[in-house]
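> Sharing a model prediction with you, sequence too.
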Amino acid sequence: MVSQQAAEERDNNKNLQQVTDGVDITYYTDPLCCWSWALEPQWRKLLNKFSGKIHWNYCMGGLIPDWNNYNDPVNSVTRPIQMGPVWMHAGQLSGRPIEHNIWMKDPPASSYPACIAVKCAQLQSAEAADRYLIMLRETCMLKGINIARESTLMDVAESLAEETPDFNLNTFGENLKNDTGLEAFRKDLQQVQYLKINRFPTLIFRRPQQASLIITGYQPFSVLVNAIQQMSPEL
């Protein structure tokens, strides 16, 4: 689904780096979003194709607060075991491997801890957040490991620190335990609620003095490219 939206996002715009010669993309997602996992190849291809011409950042959506406060009427999901078929469908449609049995064997109680952890990585750099988010998804969606556990979040961060010398594991751990990462996540949730985003992935494409453009859900690569070209035909 592609739609135009007037640029009324004053709170969100404070956090955006305005670019005059490219396109700004905010990617609203969640570590436990199977459709974001399905979109990953198209997203990587887009970043590679328009490298240096787009600025982008992640906003964590908080998909599952907990199972007492989660209801997906579209997919009839109110309990963890019902999420398995949704993941299976995402894998079948996209061709992406996905360990849907996690929702029977060891279901994550919430996506909030993983969202907070991504923000902790993002406090260090956008690159750290990007790599950490990928590693989290691989941990749960390929390996079937519960990423709601703090021990898992720290294990993934330790692996990131081993491959990324600039990533400070101690700082990450401190921000995970204190309110720093939580506060950053709260700001993301405020953005999501302000913009009334209720499906992930959602990508908002922006350029100064233009109406923003929204793409929601799993999409082919051509749709993402078309969005860039609508915003900036010269690209």
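Nice, I can see it. Residues are numbered from 1 along each chain as shown.

> Name the spans of the chain whose pLDDT lies under the cut-off.
Along the chain, the parts satisfying pLDDT under 70 run over 1-21.

> which residues in it form helices?
10-13, 34-49, 83-94, 102-105, 112-122, 126-137, 150-163, 169-177, 179-194, 221-231 (DSSP state H).

> Spatially nearest residue to the residue nearest the centre of the chain, not counting backbone neighbours?
Centroid-nearest residue in the chain: residue 29, 2.7 Å away (criterion: CA atoms, centre = their mean). Leaving out its chain neighbours, the residue that sits closest to residue 29 by CB to CB, 6 or more residues apart in numbering is residue 36, at 4.4 Å. Placement of C-beta: from N, CA and C, glycine included.

> can I assume the one you found is in contact with residue 203?
No. Using CB atoms under 8 Å as the test, residue 36 is too far from residue 203 to be in contact (10.1 Å).

> quick one, what contacts residue 192?
28, 59, 61, 62 (CB atoms under 8 Å, 6 or more residues apart in numbering).

> quick one: stretch 51-69 to chain centroid distance?
3 Å (CA atoms, centre = their mean, to the nearest Å).

> okay, that stretch in PDB with CA atoms only?
Provided in PDB are the C-alpha atoms of stretch 51-69 (Å, rounded to 0.1, in the frame of the first residue of the first chain):
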ATOM      1  CA  SER A  51      24.200   4.400  -1.400                       C
ATOM      2  CA  GLY A  52      25.200   8.000  -0.500                       C
ATOM      3  CA  LYS A  53      21.900   9.400  -1.900                       C
ATOM      4  CA  ILE A  54      19.600   8.500   0.900                       C
ATOM      5  CA  HIS A  55      19.700   9.000   4.700                       C
ATOM      6  CA  TRP A  56      17.800   6.500   6.800                       C
ATOM      7  CA  ASN A  57      17.200   5.600  10.400                       C
ATOM      8  CA  TYR A  58      15.200   2.900  12.300                       C
ATOM      9  CA  CYS A  59      12.300   3.600  14.600                       C
ATOM     10  CA  MET A  60      11.300   0.700  16.900                       C
ATOM     11  CA  GLY A  61       7.600   0.000  16.800                       C
ATOM     12  CA  GLY A  62       7.000  -2.100  20.000                       C
ATOM     13  CA  LEU A  63       5.100  -4.800  18.200                       C
ATOM     14  CA  ILE A  64       4.300  -7.000  21.300                       C
ATOM     15  CA  PRO A  65       4.100  -5.200  24.700                       C
ATOM     16  CA  ASP A  66       3.200  -8.500  26.300                       C
ATOM     17  CA  TRP A  67       0.600 -11.200  25.500                       C
ATOM     18  CA  ASN A  68      -2.000  -9.700  27.800                       C
ATOM     19  CA  ASN A  69      -2.000  -6.600  25.700                       C
END
